[in-house]
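K.L.:
For reference, the sequence and a predicted model appear below.
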Amino acid sequence: MSDCLFCKIIAGDIPSTKVYEDDAIYAFRDINPQAPTHVLVIPKTHIASVNGVCADNSAVIAHIFEVIPTIAKAEGLVSGYRVVSNCGPDAGQTVHHLHFHILGGKELSLDMA
């Protein structure tokens, strides 16, 4: 999608700090980190949100969850980390390209408010 921020990052039109890339996914540092380690993992195929996951694209989502532990380990997140995906405006999704936040590097609050 030509107006999607994350599609532009994948294409190299907008700079990012890459931490992982393969044929299907791209991971980079969040520019507004909410924890000492805050990495975004996105499929290279545009999927708007969790609501867009279907049989045709679910393999890339499975691949993301296979790679997340590798990224977390490379980032030194040995004591644990959180994986979050916001779906829709009420959940705080501001970029409508499916993405997963890897958060860690400190003890995270259990408050979800």
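P.N.:
In hand now; what should we look at? Treat the numbers as computed from the prediction; the structure is a model and nothing was measured.

K.L.:
Counting residues, name the longest strand you see in the protein.
P.N.:
The single longest strand within the chain, with elements called by DSSP state E, is strand 37-43.

K.L.:
mind checking how far it is from the chain centre?
P.N.:
Relative to its chain's centre, strand 37-43 lies at 3 Å (CA atoms, centre = their mean, to the nearest Å).

K.L.:
cool, stretch 49-59 as well?
P.N.:
15 Å.

K.L.:
send the alpha carbons of that stretch over as CSV?
P.N.:
Taking Å, rounded to 0.1, in the frame of the first residue of the first chain, the C-alpha atoms of stretch 49-59 are listed here in CSV:
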residue,chain,number,x,y,z
SER,A,49,-4.5,-5.8,11.6
VAL,A,50,-5.1,-9.1,13.4
ASN,A,51,-8.6,-8.9,11.9
GLY,A,52,-7.0,-9.5,8.5
VAL,A,53,-5.3,-12.7,9.4
CYS,A,54,-6.7,-15.6,7.3
ALA,A,55,-5.8,-19.0,5.9
ASP,A,56,-4.0,-17.3,3.0
ASN,A,57,-1.6,-15.4,5.2
SER,A,58,-1.5,-17.2,8.5
ALA,A,59,1.8,-18.9,7.7
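
K.L.:
Same question for it: list its buried residues.
P.N.:
49, 53 (16 or more other CB atoms under 10 Å). C-betas here are computed from N, CA, C, even on glycine.

K.L.:
that older thread, show me what the longest strand of the chain is packed up against.
P.N.:
Packing partners of strand 37-43 (3 or more CB pairs under 8 Å, 6 or more residues apart in numbering; DSSP states H and E): helix 5-11, strand 25-29, helix 58-74, strand 100-104.
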